[in-house]
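1. Sequence plus predicted model, see below.
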Amino acid sequence: SDAFMDYSVGSGDLNKFLIHHHLKKTTPAHIKTYSNYVRTMDNNMEDYTVPAPKDFHVYTGVGPDLDILGHRANRSNRLYLPAFTSTSIQPSTAAMFSGRFSGHGGEAKKYREVVRLHIPQGSTHGTYLGSTGLTTSLGHEHEFLLHRGHVIQFMGEPRMSVLGSPILVHDAKIIRQIRKPI
């Protein structure tokens, strides 16, 4: 519980490191600083992951710097997620974590974006943290934390939904995990 709470509070720096490491933009000092933390999180995830008791969906907000429509336009229609990925079983929670402003010039989007991921029964793609994650003004996040290194495949066309404000929903499934060593 403590390790996951620590992760929830400090996930931004760790995940930035994993993304930069994937993009080959890390220094040996960064690797030394974060490698034990990554191994500890990998071990905690392995220790506390149980097979999914049934099929369900989780949702993750699309941050302002991710041009998801650009990723969807590539031939494979796939995206590699090098970092641990916070998701929620509540779509409205994921929408709170999505950005309405592009990181490319700061122009406002007309909608928020979320990715809806299918988690099949028996899979071990992540760990349900529930109330172990951060608590927001609306209650806890109902967090399902995905292991690092998933490849997702987008399914069908994105669709608009309304959860208080317009949200573009991208359906996807996890097709494999590629956990690169640090």
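-> Sure thing, it's come through. Numbering: from 1, shown residues only.
2. for this structure, where's the lowest mean pLDDT among helices and strands?
-> Least confident helix or strand, the chain: strand 135-136 with a mean of 51, by mean pLDDT, DSSP states H and E.
3. Residue 27: how many residues sit nearby?
-> By other CB atoms under 10 Å, 9 other residues sit near residue 27. Just so you know, the C-beta spots here come from the backbone N, C-alpha and C atoms, and that holds for glycine as well.
4. what separates it from residue 50, distance-wise?
-> As judged by CB to CB, to the nearest Å, residue 27 and residue 50 stand 37 Å apart.
5. how far out from the middle of the chain is the longest strand seen in the chain?
-> If you go by DSSP state E, the chain has its longest strand at strand 166-177. Mean-position distance between strand 166-177 and its chain equals 10 Å (CA atoms, centre = their mean, to the nearest Å).
6. go on, stretch 25-33?
-> Its chain's average C-alpha position is 22 Å from that of stretch 25-33, according to CA atoms, centre = their mean.
7. Start the count at 119 instead of 1 going forward.
-> Okay, residue one is now 119; in that scheme the one you just asked about reads as stretch 143-151.
8. What distance do you get for the spatially most central residue of the chain to residue 163?
-> Nearest to the geometric centre of the chain sits residue 203, at 2.6 Å (CA atoms, centre = their mean). Distance of residue 203 to residue 163, given as CB to CB: 11 Å.
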